[in-house]
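Below: sequence and its predicted model.
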Amino acid sequence: MVEDQINLNLTHYRTPGTAGREDCVDYFVNKFKEIDENFTYILHNFTVLSINCQNVVFKLNEHLDNIVILAAHYDSRAKATKDPNIALRSDPVPGANDGASGCGALIELARVLYNQRLDLECQIWFLFFDAEDQGSDWDTGITGWNWCEGSTRFADNLEDYYDSSEYFDCMVLLDMVGGDNLQFINEQYSTSSLLQEIFEIGRQLGFEQAYPTNPISATITDDHVAFVERGIPSADLIINFWNNPSWSYHHTTHDDLSHISNHSLEITGKTIEQFIYNNYLQIPSNNYEGNYPWNSDINLIDTDILMMLITVISVIAVTTLSYTIYKKYMNKQNTKLKE
Ligand SMILES: [Zn+2]
């Protein structure tokens with residue numbers, strides 16, 4: 001399925017505002033209709049700099065109130081801004097891992113979980129975001145575009161897509177989950193109890209390499225952030241893509257099928273499948289106790305708030321210090337005057 005999305009590239013890349021982008025949504029709709037002709041889906045249209053963009057969400061078990069969102073972005077980056085060959089930096093990124101891998105995993109999960117739907121005690125949204133990947137790498141971005149435009153708009157309009165009896169249990173984002181040498185990081189915007197639970201499940205399944213006990217920690221601006229900010233426990237399954245000899249293809253023309261690993265896709269899919277079964281499969285022997293409801297922990301303080309706190313503390317410290325010095329000086333003056 002990663003290959004299918006890449007094959008759309010033979011005619012067009014999956015960049016916002018192109019026919020390739022539209023073909024990709026048609027492809028998703030066809031895949032879900034193969035699962036069930038009546039699979040409910042909603043298209044969420046929005047524009048960025050007057051370019052038409054589109055998120056798409058497929059809903060399983062709509063009659064249940066508690067919603068689990070499984071998500072990925074499907075747009076591919078318009079410019080290979082990190083390509084080692086400077087001449088290729090205006091070329092589009094194939095986006096085999098950065099985009100197509102997460103979407104491929106979602107389609108396969110939909111197929112597998114659909115077969116278990118009658119025994120699952122949750123509603124599942126399979127959510128495909130447009131316009132995640134068009135922001136700036138240092139100063140070489142795509143003018144006027146920010147990261148995560150699609151998920152931000154979707155989260156802004158979330159009320160339009162569920163009713164008052166429904167609520168969100170969690171959101172799991174899959175980003176770059178199908179490349180060679182898969183190893184996930186401890187992403188810091190993520191709700192830690194949720195991400196930790198997924199890591200533990202992965203390790204229990206024997207995927208110790210992909211879910212290390214001491215993962216690299218980093219804060220990544222990704223499609224889950226808008227959901228974290230709405231109070232929905234969210235986790236980003238993502239790799240180290242910035243300084244990693246084992247994955248040097250990020251935002252280059254080399255993020256293509258030759259670096260996709262079926263085993264990595266399987267690791268991702270199996271882990272999320274098990275996560276759903278552990279928490280939601282209604283079988284008599286299911287005594288699983290994870291970290292549900294996942295929202296008891298506090299996320300890392302947002303950088304902006306942290307900077308504001310540092311500024312406020314600095315101002316208070318400087319003021320107090322100045323006042324103390326001034327007071328000492330005045331005391332001295334007073335003593336001198338008394339003399
Ligand atoms: Zn990207």
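Right, received. Where do you want to start? Residues are numbered from 1 along each chain as shown.

Residue 99 against residue 92, yeah?
No. Residue 99 is not in contact with residue 92 according to CB atoms under 8 Å; the separation is 11.2 Å. Quick note: C-beta positions are derived from backbone N, CA and C, even for glycine.

Can you work out which residues contact both of those two?
Counting by CB atoms under 8 Å, 6 or more residues apart in numbering, the residues touching both residue 99 and residue 92 are 76-77.

Of those two, which one has the most company?
residue 99 (29 against 19; other CB atoms under 10 Å).

Could you pull up the residues touching the more buried one?
5, 14, 72-77, 132-133.

Excluding sequence neighbours, find me the nearest residue to it.
residue 76 (4.9 Å; CB to CB, 6 or more residues apart in numbering).

what does residue 238 give?
Using CB to CB, 6+ apart, the closest residue to residue 238 is residue 175 (4.5 Å).

List the residues that contact that neighbour.
Here residue 175 is in contact with 72-73, 98, 102, 222-223, 236-238 (CB under 8 Å, 6+ apart).

near the ion too, which of the residues you listed?
residue 98 (CB under 5 Å from the ion).

just to revisit the earlier point, go ahead and confirm the residue nearest to residue 99 touches residue 100.
Yes. Between residue 76 and residue 100 there is a contact at 7.4 Å, judged by CB under 8 Å.

so what's in contact with those two at the same time?
With CB under 8 Å, 6+ apart, residue 76 and residue 100 have common neighbours residue 14.

Looking at the stretch 151-300 of the chain, what residue ends up closest to the ion?
Residue nearest to the ion within the stretch 151-300 of the chain: residue 251 (5.8 Å; CB to the ion).

Run through the helices of the stretch 201-339 of the chain in chain order.
225-228, 262-280, 303-338 (DSSP state H, counting those that start in this stretch).

for those helices, which one sits closest to residue 30?
The minimum distance between residue 30 and those falls on helix 262-280, with 19.9 Å, by CB to CB.

Packing partners of the closest one?
strand 66-73, helix 102-115, strand 167-174, helix 192-204 (3 or more CB pairs under 8 Å, 6 or more residues apart in numbering; DSSP states H and E).

what do you get if the cut-off is 7 Å, keeping everything else the same?
helix 102-115, helix 192-204 (3 or more CB pairs under 7 Å, 6 or more residues apart in numbering; DSSP states H and E).

who in the stretch 1-150 of the chain is up against the ion?
98, 133.

in stretch 129-149, what's buried?
129-135, 137, 141-142, 145, 147-149 (16 or more other CB atoms under 10 Å).
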